[in-house]
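**Student:** predicted model follows, preceded by the sequence.
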Amino acid sequence: AAAVARRAGVIHKQQRVLIQVNCSGEPQKSGCRPGEAMALAQQIIAQPELALEGLMTIGPLDESPEAARPAFQQCRALRDEMARSLNVSLPNLSMGMTGDLEVAIEEGATLIRLGSALFGHRPER
């Protein structure tokens, strides 16, 4: 957080940020662990060059969109608890992609990623 804040300060900008939380627990996914998110939020809030706007997560890799629901529920609950505990507004929840967007919206997503719906599936490597 401090490195991003320093860079934002150099260009005299307040950078809007989301914390990526690995709610699926999958090792190939990036993001902090749910138990680390509160401390990271406190670090971000302490930086005047940063504006914490919410959380983001990616659901587990699974054929069933319903498999993502627990991760999305956890992310929403974490965001709600964080907002209450830190007395801040965290309006954004970025969760859900083309395959699980309906579940993400049902669970409170304010931002979704629709790459495959717009551009088709990525070619195999």
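**Tutor:** Great, that's in hand.
**Student:** longest helix in the chain, by number of residues?
**Tutor:** helix 69-86 (DSSP state H).
**Student:** what comes up buried for it?
**Tutor:** Within helix 69-86, the residues that qualify as buried are 69, 71-76, 78-79, 82-83, counting by 16 or more other CB atoms under 10 Å. Heads up, the C-betas are built off the backbone N, CA and C, glycines and all.
**Student:** same deal with stretch 22-37?
**Tutor:** With burial defined by 16+ other CB under 10 Å, the residues of stretch 22-37 counted as buried are 22-24, 29, 31-32, 34, 37.
**Student:** and those residues, which is closest to residue 1?
**Tutor:** Relative to residue 1, the closest of those is residue 32; by CB to CB it sits at 11.1 Å.
**Student:** verify the stated contact: the closest one with residue 38.
**Tutor:** No: using CB atoms under 8 Å, residue 32 is not in contact with residue 38, being 9.7 Å away.
**Student:** low-confidence ranges in the protein?
**Tutor:** Scanning the chain for pLDDT under 70 picks out 117.
**Student:** which parts of the protein are helices?
**Tutor:** For the chain, the helices defined by DSSP H cover 2-10, 37-45, 69-86, 101-106, 115-119.
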